[in-house]
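> need the 3D shape of this:
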Amino acid sequence: VGSLLELIEPLEEEGLLVRRSREKLEMEIEHFTVQERDGMIIGCAALNPFIKEKMAELACLVVHKDYHGASRGSALLAFLEREARQLEIAQIFVLTTQTAHWFQERRFTAANLDSLPISKRTLYNYQRNSKVFIKQL
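Sure, this is the predicted structure:
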């Protein structure tokens, strides 16, 4: 958990990621997948399933800045897409404020807030004004 915090805190401070407390991260750790190199976590992403709706949220996709350009983010996404299919998830969605182009390049399409599961909609932070993107699996 400490290594994950080190990876994501700079992006939280920039406002690119929603701030997560250590306690919240500990409670959600089973949803995270990490990439490791030489004992250091260099990438992570979370897959939060909404089984009833056959949807999942892709959250907290981060690759350490020293490893950008090596397709590590795409590899994390591909892995989590396979995981989602095993859970019989039909769609993955993401909320983003800065990286819409990256998701669009990977076949996510713009959607509206009404496309999200109701339980996620009720937690939507209007101050962040995140854009919604969905990918069909």
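> for the lengthiest strand in the chain, which outside residues touch it?
As assigned by DSSP state E, the longest strand anywhere in the chain is strand 40-50. Outside strand 40-50, the residues within contact range by C-beta atoms under 8 Å, 6 or more residues apart in numbering are 3-4, 6-8, 28, 31-36, 55-64, 66-67, 72-73, 76-77, 80, 83-84, 87, 89, 92, 117, 119-120. Any C-beta I mention is one placed from the backbone N, CA and C, and that applies to glycine too.
> write the PyMOL selection for whichever of the residues you listed are buried.
In PyMOL, this line selects whichever of these come out buried by 16 or more other C-beta atoms under 10 Å:
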select buried, resi 4+7+8+31+32+35+55+56+57+58+59+60+61+62+63+64+72+73+76+77+80+84+89+92+117+120
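> got a list of contacts for the helix or strand following the longest strand of the chain?
Per DSSP states H and E, strand 40-50 leads on to strand 55-63 as the next helix or strand towards the C-terminus. With C-beta under 8 Å, 6+ apart as the test, strand 55-63 has contacts from 7-8, 11, 17, 20, 31-32, 35, 42-50, 72-73, 76-77, 80, 84, 87, 89-95, 116-117, 120.
> whichever strand or helix holds V94: partners in the sheet, and parallel or antiparallel?
Remark: V94 resides in strand 91-96, with elements defined by DSSP H and E. Using DSSP bridges, the strands paired with strand 91-96 in its sheet are strand 55-63 (parallel), strand 131-136 (antiparallel).
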